[in-house]
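A.B. asks: build the 3D model from these lines:
(one chain, ligands or ions: 2)
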Amino acid sequence: MTPDRWVDAHSYLRPLADLSAQVDRAAAGIDVLDARIPDWDDYGADFRAGVPLLQSADAAVDLEPGGRMAAALLERLASGTSSGLFAAETRALETELRREPHVSRRIADFLLGDETLAPPFPGLLRYLAWTAMARFLRPVVNGFDGWRDEERWGRRYCPTCGSLPAMAQLVGVDPGRRRLLSCGCCGTRWQFQRTGCPFCETDSQRLASVSIEEEPGLRIDHCESCGGYLKTYDGEGNETLLLSDWSSLHLDLIAHDRGLKRLAASLYEFEPVPHP
Ligand SMILES: [Zn+2]
Ligand SMILES: [Zn+2]
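C.D. replies: Numbers count the residues shown, from 1 in each chain. Ligands and ions are numbered 1, 2, ... in the order given. A predicted model of the protein is given here:
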């Protein structure tokens, strides 16, 4: 399934698909700065204690160059000629941040939860800056995937950046079938227990699933204790599209109609909108 065919079949996703493609194109034009791969031995104790990699003083991953890439992405998008709300908000954001001393450092801190930066359109900054930062972090995330012992993490938050998952994925076949949680920010996927709820961590017997007839590869898993749901991609090979979150906005609408709560992290500010 290509993004084009997907959007042809779900025409109400067109505006989000176009926006996402525009941002990805701009991001692809930004030079990727080098990220230092941490010494994994230094990080081992924090890992076992549940400290995400980017929050570990021992791992000391420097995000400042990623912040520089984010600022460059903003500048590129703001200098374009396109009109509309997205362009206007991006320009306002860029103008405001340009006044900020050490803007690259501030953006990096903002992504890890520092609230002293109060930009206009914080959701937009989070989305754009994570898009750039994820590109910067790719070698670190890949190295971390190779080093990490999945059995020893098992936590509900991202081992790299600490965010809650945006989605889940089921991979493999029984008895080796595994459930991964997928971070919408830094792009890490990590293993989690098959049936537990990542939001309230209550008893694993109370998880239910809604299959979508027209979407055999996607389903909504929800918890009967807390009412939280997690969109799940049941399959492999189409991660970029099907774990992108925006590509399954219609599942958020179905979940919302059933009274379920989106507790998953999101870089998209989903509003319950009328049905297509
Ligand atoms: Zn993450
Ligand atoms: Zn729950």
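A.B. asks: grab the most central residue of this protein for me.
C.D. replies: G184 (0.9 Å; C-alpha atoms, centre = their mean).
A.B. asks: wait, it touches S248, no?
C.D. replies: No: at 11.7 Å, G184 does not count as touching S248 under the criterion of C-beta atoms under 8 Å. Every C-beta, even on glycine, is put in place using the N, C-alpha and C of the backbone.
A.B. asks: find the residues that touch each one of those two.
C.D. replies: M167 (C-beta atoms under 8 Å, 6 or more residues apart in numbering).
A.B. asks: tell me what the helix or strand hosting I254 is packed against?
C.D. replies: Per DSSP states H and E, I254 falls inside helix 249-257. Helix 249-257 sits against strand 207-212, strand 215-223, strand 228-234, strand 261-262, with contacts defined as 3 or more C-beta pairs under 8 Å, 6 or more residues apart in numbering; DSSP states H and E.
A.B. asks: kindly recompute the last result at 7 Å.
C.D. replies: In terms of contacts (3 or more C-beta pairs under 7 Å, 6 or more residues apart in numbering; DSSP states H and E), helix 249-257 is packed against strand 215-223.
A.B. asks: give the buried residues for the strand it packs on.
C.D. replies: Applying a neighbour-count criterion of 16 or more other C-beta atoms under 10 Å, one finds 215, 217-223 buried in strand 215-223.
A.B. asks: can you narrow these to ones near ligand 2?
C.D. replies: C223 (C-beta under 5 Å from the ion).
A.B. asks: out of the buried residues of strand 215-223, which comes closest to ligand 1?
C.D. replies: Closest approach between these and ligand 1, by C-beta to the ion: D221, at 19.7 Å.
A.B. asks: any idea how far that closest one is from ligand 2?
C.D. replies: 10 Å (C-beta to the ion, to the nearest Å).
A.B. asks: just grab the bridge partners of that residue for me.
C.D. replies: Beta-bridge pairing of D221 under DSSP bridges involves S209, L230.
A.B. asks: what about stretch 95-113, start to end distance?
C.D. replies: Terminal residues of stretch 95-113 are spaced 22 Å apart (C-alpha to C-alpha, to the nearest Å).
A.B. asks: and the contacts of the lowest-mean-pLDDT helix or strand in the chain?
C.D. replies: Least confident element among the helices and strands of the chain, by mean pLDDT, DSSP states H and E: strand 207-212 (a mean of 86). Applying C-beta atoms under 7 Å, 6 or more residues apart in numbering, the contact partners of strand 207-212 are 195, 197, 218-224, 251, 254.
A.B. asks: which parts of the stretch 1-150 of the chain are helices?
C.D. replies: Remark: helices assigned in the stretch 1-150 of the chain by DSSP state H, counting those that start in this stretch are 3-9, 14-28, 40-48, 64-78, 85-98, 103-111, 122-147.
A.B. asks: possible to save those helices as CSV with distance to Y229 and mean neighbour count?
C.D. replies: As requested, those are exported to CSV (distance: least, C-beta to C-beta, whole Å; neighbours: other C-beta atoms under 10 Å):
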stretch, distance to Y229, mean neighbour count
helix 3-9, 21, 13
helix 14-28, 19, 15
helix 40-48, 29, 15
helix 64-78, 30, 22
helix 85-98, 28, 16
helix 103-111, 25, 21
helix 122-147, 21, 19
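A.B. asks: fine, thanks again, bye for now.
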